[in-house]
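[1] Quick check, what structure comes out for this input:
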Amino acid sequence: MKKEESKVIAQKLQKIPNGTLALKHCRAGGTGSTFFGEQFRAVTAGKGCVEAYETFPGIEVSFNVFLASEVKFRHDASDSVLEIYYCRSGRVGWNMQGGTAVYLGAGDVTAHSMACCADSAMMFPLGYSEGISISVDLKQLSSICPEVLKNAGVEADQLRDRFCSGKPSAIPSCSDLEHIFAPLFSAPVSVRISLLKLKVLEILIYLSNMKVQFTRDYTG
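    Model prediction:
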(Lines give C-alpha, C1' and ligand atoms only; values in the text may rest on other atoms or scores of the structure.)
Protein backbone atom coordinates (compact mmCIF):
# COMPACT_ATOMS: atom_id res chain seq x y z
CA MET A 1 0.00 0.00 0.00
CA LYS A 2 2.77 2.43 0.94
CA LYS A 3 4.62 1.67 -2.33
CA GLU A 4 1.43 2.38 -4.28
CA GLU A 5 0.92 5.68 -2.45
CA SER A 6 4.49 6.69 -3.22
CA LYS A 7 4.04 5.85 -6.91
CA VAL A 8 0.84 7.90 -7.15
CA ILE A 9 2.52 10.91 -5.55
CA ALA A 10 5.56 10.56 -7.81
CA GLN A 11 3.23 10.63 -10.80
CA LYS A 12 1.49 13.76 -9.54
CA LEU A 13 4.85 15.51 -9.17
CA GLN A 14 6.59 14.15 -12.28
CA LYS A 15 6.74 17.60 -13.96
CA ILE A 16 8.25 19.33 -10.91
CA PRO A 17 12.07 19.41 -10.73
CA ASN A 18 13.89 18.06 -7.69
CA GLY A 19 14.64 20.72 -5.11
CA THR A 20 11.46 22.62 -6.02
CA LEU A 21 8.30 23.35 -4.06
CA ALA A 22 5.72 24.62 -6.57
CA LEU A 23 3.11 27.10 -5.28
CA LYS A 24 -0.15 27.43 -7.18
CA HIS A 25 -2.78 30.04 -6.25
CA CYS A 26 -6.32 29.30 -7.40
CA ARG A 27 -8.25 32.43 -6.50
CA ALA A 28 -11.49 31.70 -8.40
CA GLY A 29 -12.23 35.43 -8.55
CA GLY A 30 -11.14 36.17 -5.01
CA THR A 31 -9.40 39.42 -4.16
CA GLY A 32 -7.98 38.70 -0.72
CA SER A 33 -4.29 38.32 0.01
CA THR A 34 -2.77 34.87 0.20
CA PHE A 35 -1.12 33.44 3.31
CA PHE A 36 1.87 32.60 1.11
CA GLY A 37 3.12 36.19 1.05
CA GLU A 38 6.46 37.78 0.29
CA GLN A 39 7.93 36.45 3.53
CA PHE A 40 7.13 32.82 2.66
CA ARG A 41 10.20 30.67 1.99
CA ALA A 42 10.53 26.93 1.53
CA VAL A 43 13.52 24.64 1.02
CA THR A 44 12.95 20.99 0.16
CA ALA A 45 15.14 17.90 0.16
CA GLY A 46 13.05 16.46 -2.67
CA LYS A 47 10.06 18.15 -4.31
CA GLY A 48 6.48 19.10 -3.67
CA CYS A 49 3.45 21.10 -4.68
CA VAL A 50 1.13 23.37 -2.66
CA GLU A 51 -2.12 24.29 -4.46
CA ALA A 52 -3.99 27.02 -2.55
CA TYR A 53 -7.64 28.07 -2.82
CA GLU A 54 -9.33 31.09 -1.28
CA THR A 55 -12.72 29.96 0.08
CA PHE A 56 -13.94 32.81 2.32
CA PRO A 57 -12.33 36.15 3.23
CA GLY A 58 -9.36 35.26 5.41
CA ILE A 59 -9.73 31.48 4.90
CA GLU A 60 -7.46 29.56 2.53
CA VAL A 61 -7.26 25.83 1.83
CA SER A 62 -4.27 24.16 0.22
CA PHE A 63 -3.62 20.68 -1.13
CA ASN A 64 -0.07 19.64 -0.22
CA VAL A 65 1.86 16.84 -1.94
CA PHE A 66 5.47 16.03 -1.03
CA LEU A 67 7.98 13.53 -2.35
CA ALA A 68 10.83 14.41 -0.03
CA SER A 69 12.59 13.56 3.19
CA GLU A 70 12.21 17.09 4.58
CA VAL A 71 10.74 20.51 3.77
CA LYS A 72 11.71 23.64 5.73
CA PHE A 73 9.27 26.56 5.91
CA ARG A 74 9.61 30.18 6.97
CA HIS A 75 6.75 32.69 6.95
CA ASP A 76 5.24 35.52 8.96
CA ALA A 77 4.32 34.55 12.51
CA SER A 78 0.77 35.25 13.61
CA ASP A 79 -0.96 34.03 16.74
CA SER A 80 -4.31 35.13 15.30
CA VAL A 81 -4.18 32.75 12.30
CA LEU A 82 -5.33 29.20 12.98
CA GLU A 83 -3.56 26.51 10.95
CA ILE A 84 -5.30 23.14 10.56
CA TYR A 85 -3.36 20.31 8.87
CA TYR A 86 -4.81 16.95 7.84
CA CYS A 87 -2.41 14.14 6.93
CA ARG A 88 -3.99 11.95 4.26
CA SER A 89 -1.08 9.61 3.60
CA GLY A 90 2.49 9.02 4.70
CA ARG A 91 3.82 10.15 8.06
CA VAL A 92 4.85 13.61 9.26
CA GLY A 93 7.16 14.77 12.01
CA TRP A 94 6.70 18.54 12.21
CA ASN A 95 9.41 20.38 14.17
CA MET A 96 8.09 23.78 15.27
CA GLN A 97 9.04 26.80 17.35
CA GLY A 98 10.51 26.35 20.82
CA GLY A 99 11.54 22.74 20.28
CA THR A 100 7.94 21.52 19.95
CA ALA A 101 7.22 18.66 17.55
CA VAL A 102 4.00 17.11 16.26
CA TYR A 103 3.84 13.55 14.89
CA LEU A 104 1.06 12.64 12.47
CA GLY A 105 0.03 9.47 10.71
CA ALA A 106 -2.62 8.98 8.03
CA GLY A 107 -5.91 10.52 9.15
CA ASP A 108 -4.46 12.62 11.99
CA VAL A 109 -4.96 16.38 12.33
CA THR A 110 -2.99 19.13 14.03
CA ALA A 111 -4.32 22.59 14.90
CA HIS A 112 -2.10 25.48 16.00
CA SER A 113 -1.33 29.13 15.38
CA MET A 114 0.85 30.27 12.47
CA ALA A 115 3.25 31.56 15.11
CA CYS A 116 4.05 27.93 16.01
CA CYS A 117 5.11 26.99 12.48
CA ALA A 118 6.67 30.30 11.36
CA ASP A 119 10.11 28.70 11.22
CA SER A 120 9.60 24.94 11.02
CA ALA A 121 10.53 21.72 9.26
CA MET A 122 8.31 18.86 8.14
CA MET A 123 10.06 15.48 8.14
CA PHE A 124 8.68 12.59 6.05
CA PRO A 125 10.13 9.26 7.27
CA LEU A 126 8.41 7.33 4.43
CA GLY A 127 9.74 9.77 1.84
CA TYR A 128 6.34 11.14 0.88
CA SER A 129 3.16 12.66 2.28
CA GLU A 130 -0.10 14.17 1.10
CA GLY A 131 -2.42 16.40 3.08
CA ILE A 132 -4.65 19.44 3.31
CA SER A 133 -4.02 22.61 5.28
CA ILE A 134 -6.64 25.20 6.21
CA SER A 135 -5.51 28.68 7.29
CA VAL A 136 -8.07 30.83 9.12
CA ASP A 137 -7.51 34.49 9.96
CA LEU A 138 -9.47 34.64 13.22
CA LYS A 139 -9.52 38.45 13.21
CA GLN A 140 -11.37 38.40 9.91
CA LEU A 141 -13.58 35.55 11.05
CA SER A 142 -14.69 37.59 14.06
CA SER A 143 -15.78 40.49 11.84
CA ILE A 144 -16.87 38.64 8.67
CA CYS A 145 -18.30 35.35 9.90
CA PRO A 146 -20.40 33.18 7.56
CA GLU A 147 -23.98 33.00 8.78
CA VAL A 148 -23.94 29.22 9.11
CA LEU A 149 -21.03 29.45 11.59
CA LYS A 150 -22.85 32.10 13.64
CA ASN A 151 -25.92 29.88 13.78
CA ALA A 152 -23.75 26.95 14.93
CA GLY A 153 -22.26 29.02 17.76
CA VAL A 154 -18.73 29.11 16.32
CA GLU A 155 -16.75 31.99 17.83
CA ALA A 156 -13.33 33.17 16.67
CA ASP A 157 -12.23 33.99 20.22
CA GLN A 158 -13.07 30.47 21.39
CA LEU A 159 -11.04 28.92 18.56
CA ARG A 160 -8.13 31.26 19.35
CA ASP A 161 -8.18 30.40 23.06
CA ARG A 162 -8.41 26.67 22.39
CA PHE A 163 -5.90 26.23 19.57
CA CYS A 164 -3.70 29.34 19.29
CA SER A 165 -2.64 30.09 22.84
CA GLY A 166 -0.17 27.30 23.53
CA LYS A 167 1.37 24.14 22.08
CA PRO A 168 -0.08 22.58 18.93
CA SER A 169 -3.06 20.27 19.41
CA ALA A 170 -3.05 16.86 17.76
CA ILE A 171 -6.30 15.05 17.00
CA PRO A 172 -6.13 11.33 16.19
CA SER A 173 -7.78 9.88 13.12
CA CYS A 174 -11.46 9.03 13.40
CA SER A 175 -14.47 8.46 11.16
CA ASP A 176 -15.67 12.06 11.62
CA LEU A 177 -12.42 13.50 10.25
CA GLU A 178 -12.41 10.98 7.42
CA HIS A 179 -15.94 12.05 6.51
CA ILE A 180 -14.88 15.71 6.39
CA PHE A 181 -11.66 15.43 4.41
CA ALA A 182 -11.82 12.31 2.22
CA PRO A 183 -14.31 13.67 -0.37
CA LEU A 184 -11.98 16.56 -1.19
CA PHE A 185 -9.42 14.29 -2.85
CA SER A 186 -11.85 12.75 -5.33
CA ALA A 187 -14.09 15.74 -6.09
CA PRO A 188 -14.23 16.89 -9.73
CA VAL A 189 -12.43 20.17 -10.37
CA SER A 190 -15.74 21.77 -11.40
CA VAL A 191 -17.15 21.49 -7.85
CA ARG A 192 -13.92 21.78 -5.87
CA ILE A 193 -14.38 25.37 -4.64
CA SER A 194 -17.99 24.75 -3.60
CA LEU A 195 -17.05 21.58 -1.72
CA LEU A 196 -14.07 23.29 -0.08
CA LYS A 197 -16.40 25.97 1.28
CA LEU A 198 -18.72 23.35 2.75
CA LYS A 199 -15.84 21.40 4.31
CA VAL A 200 -14.24 24.52 5.82
CA LEU A 201 -17.52 25.26 7.59
CA GLU A 202 -17.78 21.63 8.69
CA ILE A 203 -14.27 21.42 10.21
CA LEU A 204 -14.66 24.73 12.06
CA ILE A 205 -17.96 23.55 13.54
CA TYR A 206 -16.33 20.23 14.44
CA LEU A 207 -13.35 21.88 16.18
CA SER A 208 -15.59 24.34 17.99
CA ASN A 209 -17.69 21.52 19.46
CA MET A 210 -14.90 19.02 20.04
CA LYS A 211 -14.29 17.99 23.62
CA VAL A 212 -10.80 18.90 24.81
CA GLN A 213 -10.16 15.38 26.08
CA PHE A 214 -10.49 14.01 22.55
CA THR A 215 -7.19 15.60 21.59
CA ARG A 216 -4.20 13.33 22.05
CA ASP A 217 -0.60 14.12 22.94
CA TYR A 218 1.24 13.61 19.65
CA THR A 219 3.51 16.52 20.58
CA GLY A 220 6.88 16.66 22.21
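[2] for this protein, what spans make up the strands?
    For the chain, the strands defined by DSSP state E cover 21-26, 41-56, 59-74, 81-90, 92-95, 101-104, 109-113, 119-123, 129-137, 169-171.
[3] Residue 140 versus the most centrally placed residue in the chain, what's the distance?
    Residue closest to the average C-alpha location in the chain (Cα atoms, centre = their mean): residue 133, at 1.5 Å. Going from residue 133 to residue 140 by Cβ to Cβ, to the nearest Å gives 17 Å. C-beta here means a position set from N, CA and C on the backbone, and glycine is covered the same way.
[4] go on, residue 201?
    For residue 201 relative to residue 140 (Cβ to Cβ), the value is 15 Å.
[5] got any ranges where the chain has weak pLDDT?
    The chain contains residues with pLDDT under 70 at 1, 27-39, 212-220.
[6] other SSEs contacting the longest helix along it?
    The longest helix of the chain (DSSP state H) is helix 192-209. Where contact means 3 or more Cβ pairs under 8 Å, 6 or more residues apart in numbering; DSSP states H and E, helix 192-209 is packed against strand 41-56, strand 59-74, strand 129-137, helix 147-151, helix 156-163, helix 175-181.
[7] So for residue 207, which of the ones you listed sits nearest?
    Proximity to residue 207 (Cβ to Cβ) singles out helix 156-163 among these, at 6.6 Å.
[8] Can you name every helix or strand that that closest one contacts?
    strand 81-90, strand 109-113, helix 138-143, helix 192-209.
[9] Identify the residue nearest residue 118 in space, chain neighbours excluded?
    residue 77 (3.6 Å; Cβ to Cβ, 6 or more residues apart in numbering).
[10] Near the one you found, how many residues? Count them for me, please.
    15 (other Cβ atoms under 10 Å).
[11] Same check on residue 132?
    21.
[12] OK, contacts around it?
    Applying Cβ atoms under 8 Å, 6 or more residues apart in numbering to residue 132 gives the contacts 61-64, 85-86, 88, 181, 184.
[13] any idea how far it is from residue 83?
    11 Å.
[14] what do you get for residue 110?
    8 Å.
[15] Tabulate the strands of the chain in TSV, adding columns for distance to residue 208.
    Listed next are the strands of the chain as TSV, based on distance: least, Cβ to Cβ, whole Å:
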stretch	distance to residue 208
strand 21-26	27
strand 41-56	16
strand 59-74	14
strand 81-90	11
strand 92-95	23
strand 101-104	21
strand 109-113	11
strand 119-123	25
strand 129-137	11
strand 169-171	13
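[16] Among these, show me which one is buried the most.
    The highest mean neighbour count among the strands of the chain, using mean count of other Cβ atoms under 10 Å, belongs to strand 109-113: a mean of 25.
[17] how much does that strand deviate in direction from strand 81-90?
    On the basis of axes from the mean of the first three to the mean of the last three Cα atoms, to 10 degrees, strand 109-113 is oriented at 160 degrees to strand 81-90.
[18] Adjacent strands (with direction) for strand 109-113?
    strand 81-90 (antiparallel), strand 169-171 (antiparallel) (DSSP bridges).
[19] Quick one: work out the angle between that strand and strand 119-123.
    Going by the same axes, to 10 degrees, strand 109-113 makes 170 degrees with strand 119-123.
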